[in-house]
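Have a look at this prediction, sequence included:
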Amino acid sequence: MFADVSSHDSGGMGKSDADAVANYVNDLERALLGADPALIHDALIDAESHLRAAIASGTPALAAIEAFGTPSDIALAYFREQLSAARDGVKEPVAQSSASHQSTVGAANSQSNGGSEFVHSSKTNESVRPWSRLRKIPIIGIYFDPYAWGSIVFLTFGFFLALAAFVWVVGLGAVAIGLLPTLIGIPLLIALLGSARAISLFFGEVIEVLVGIRMPKRAYNVDVSGVEGFWRRMLLWIKDVRGWLTVGFLVGNLPVAVCFFAVTVSLLTASVAMISWGIGTMLGLDSIVTIATDAPITIDIFGTTYKADDQGSFHFSLFSSALITLIGVALLTATLWLSKGAAFVYAQVVKAIQVVRPQSLLQH
Amino acid sequence: MALPLVDKIERDLSNGTSWLVVLAAIARSSEPVHGYEIARQLSEESPEGLNFKQGTLYPMLRTMEAEGLISSTLVPSNEGPARKCFRLTADGRRTLSAWIRLWKDTDRWVNRVISGTGLTGGSNVR
């Protein structure tokens, strides 16, 4: 998909400079092996754009690379950032996939703890957040997980974000396509692709805050440096498949967000209603279940039939009320687990769309 | 003679001071400044023998932003894609101010103690 991009001179750099940057980025990717894909994405784009900027300002490629730092040193700095985020509560998986990675993470941990000893991030979290112990209680520990509640917020309010993004993308896209014959449509199309990236990154930030999954912080930019002519630059943007994939995500995201919204709100409403209904009845409050209808309505709970009185109110036994409360609590617990799982899967999909390999690696 | 402990001391010192230096570099700029420019300035000003690794700056900036010490804006660039430029937040300014006071106190204290050793620290021990 980047065949045309490679046809120009790799962003204004000579072939040997481009090779040197690609080799460095490749080595850095290897040094970061096993880390979170979003962190690798950020680190590689940081390195690539820095080295390109340094070379463009006249620094020889090898000198720029030397000043940037060895891949292992830079990987260590990113692992330190990962550990810092873990302490702040963002769940950064400290991967254990390779021996070199373990030693690098260990070193990062050791350094950031005054060089004392290896401290696993989950232990560090415990000391900072007292409720992290409560989170480990089987099943009901979910009530003490702020990201479970955050997932519920995300799955409900995310619908409004998805709707706004859909309206923006479809609206701007329709105007841009409609104006294509007048050429004004082409810059509008670029605005659509650029704004889609920005919106997608914003989605990532919301996910990171509410769901606690590390998301990419940097958007991949189409490299148009070294390309002469406004229209040729525009063409490179339009030919970038990744941009269209992001637009597609923002359009296709709406039905997914609608489903999340409907299911989450229904489960949440049902569970809260059952809990408050049961507790209210047990506390001796007047029946909260009043159905204003003349039709004879009955409710069956485990073989016991309840009939509405003259006012349409139901009166339940203590046992039934307690049972309803318990069912409500179970449903709320299930809703929390389900929301957390759904938000996790959703976050991984968004991350997969956002994470890219740098251009220098794709060209080699 | 190579002293392995010197590497560790240098690393620990660098960990302790790099945030201070980066915050100060952002603070002294009247306009929001981008990562590459900060890295370039710090490399230029770093004393001989002290090796500031420019690549360590980016994760540091990200953590500082997450901590609320700096904020960023995207500024269009003639040389390529829009650049993320940083400025100090009010919190960042207060933190930097406190840190500078701490640094000056530490500097005075350390200098007072080491001046009694009779060592100049002039020779390269690494």
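Everything's here; your move.

Now do the contacts for residue 28.
In the absence of a named chain, chain A is used. By Cβ atoms under 8 Å, 6 or more residues apart in numbering or on different chains, residue A:28 lies in contact with A:43-44, A:47, A:71, A:74-75. (C-beta placed from N, C-alpha, C; glycine too.)

Among these, name the buried ones.
A:43-44, A:47, A:71, A:74-75 (16 or more other Cβ atoms under 10 Å in any protein chain shown).

which of those are close to chain B?
A:43, A:47, A:74 (Cβ under 8 Å from any Cβ of the partner chain).

Now do the contacts for the second one.
Contact criterion Cβ under 8 Å, 6+ apart gives A:24-25, A:28, A:68, A:74, A:358, B:55 as the residues in contact with residue A:47.

Look up how far residue B:53 lies from the nearest residue to residue B:25 once chain neighbours are set aside.
Take residue B:25 and drop its neighbours on the chain: the residue closest to it by Cβ to Cβ, 6 or more residues apart in numbering or on different chains is residue B:38, 5.1 Å away. Separation of residue B:38 from residue B:53 (Cβ to Cβ, to the nearest Å) stands at 13 Å.

Nearest residue to the residue of chain A found nearest chain B in space, please, no chain neighbours.
In chain A, the residue that lies nearest chain B is residue A:69 (3.1 Å; Cβ to the nearest Cβ). Nearest-residue entry for residue A:69: residue B:53, 3.1 Å, with adjacent residues in sequence omitted and distances by Cβ to Cβ, 6+ apart.

Which secondary structure elements does the helix or strand containing residue A:162 sit against?
Remark: residue A:162 resides in helix A:146-178, with elements defined by DSSP states H and E. Applying 3 or more Cβ pairs under 8 Å, 6 or more residues apart in numbering or on different chains; DSSP states H and E, one finds that helix A:146-178 makes contact with helix A:185-211, helix A:241-282, helix A:318-354.

Next, the angle from that helix to helix A:318-354.
With axes from the mean of the first three to the mean of the last three Cα atoms, to 10 degrees defining the directions, helix A:146-178 sits at 50 degrees from helix A:318-354.

how about the helices in the stretch 1-150 of chain A?
Assigned by DSSP state H, counting those that start in this stretch, the helices in the stretch 1-150 of chain A fall at A:15-31, A:37-56, A:61-68, A:71-87, A:99-112, A:121-128, A:131-134, A:146-178.

Report all helices and strands that the shortest one contacts.
So the one you mean is helix A:131-134. helix A:121-128.

and chain B, which residues reach chain A?
Selection of chain B residues close to chain A by Cβ under 8 Å from any Cβ yields B:8, B:11-12, B:15, B:35-36, B:39-40, B:43, B:53-56, B:58-60, B:62-63, B:66, B:79-82.

so what pLDDT did the residue of chain B found nearest chain A get?
Ranked by Cβ to the nearest Cβ, the top residue of chain B for proximity to chain A is residue B:53, at 3.1 Å. With respect to pLDDT, residue B:53 scores 88.

Just confirm it contacts residue A:74, I think it does.
Yes - assessed by Cβ atoms under 8 Å, residue B:53 is found in contact with residue A:74 at 6.9 Å.

mind checking pLDDT for residue 8?
Picked chain A for this. Value listed for residue A:8 in the pLDDT field: 44.

Please refer instead to chain B.
80.

Neighbours of it, how many?
The number of residues packed near residue B:8 is 13, by other Cβ atoms under 10 Å in any protein chain shown.

Relative to residue A:146, how far out is it?
For residue B:8, the distance to residue A:146 (Cβ to Cβ) stands at 37 Å.

any idea how far residue B:31 lies from residue A:159?
Distance of residue B:31 to residue A:159, given as Cβ to Cβ: 40 Å.

do the same with residue A:178
28 Å.

Neighbour count: these two, which is higher?
Between residue A:178 and residue A:159, residue A:159 has the larger neighbour count (other Cβ under 10 Å), namely 21 against 12.

Who's the closest spatial neighbour of the more buried one, skipping the chain neighbours?
Here the residue nearest residue A:159, using Cβ to Cβ, 6+ apart, is residue A:261, at 3.7 Å.

Any idea how many residues pack against the one you found?
For residue A:261, the number of neighbouring residues by other Cβ under 10 Å comes to 18.

show me the contacts for it.
For residue A:261, the contact set (Cβ under 8 Å, 6+ apart) comprises A:155-156, A:158-159.

before we move on, what about residue B:27?
B:88, B:92-93, B:96.

Repeat the analysis, applying 6 Å as the threshold.
Contact analysis of residue B:27 by Cβ atoms under 6 Å, 6 or more residues apart in numbering or on different chains lists B:88, B:96.

just residue A:166 next, same as before
Applying Cβ under 6 Å, 6+ apart, we find residue A:166 in contact with residue A:254.

where does it land on pLDDT?
On the pLDDT scale, residue A:166 is placed at 97.

Kindly report the same for residue A:95.
Residue A:95 carries a pLDDT score of 42 in this model.

again, but for residue A:314
pLDDT for residue A:314: 73.

Point out where chain B drops to low pLDDT.
B:1-2, B:49, B:78-81, B:122-126 (pLDDT under 70).

At the geometric centre of it, which residue sits there?
What sits nearest the mean C-alpha location of chain B, by Cα atoms, centre = their mean, is residue B:21, with 2.6 Å.

measure that residue to residue B:88 for me?
From residue B:21 over to residue B:88 the distance is 13 Å, taken as Cβ to Cβ.
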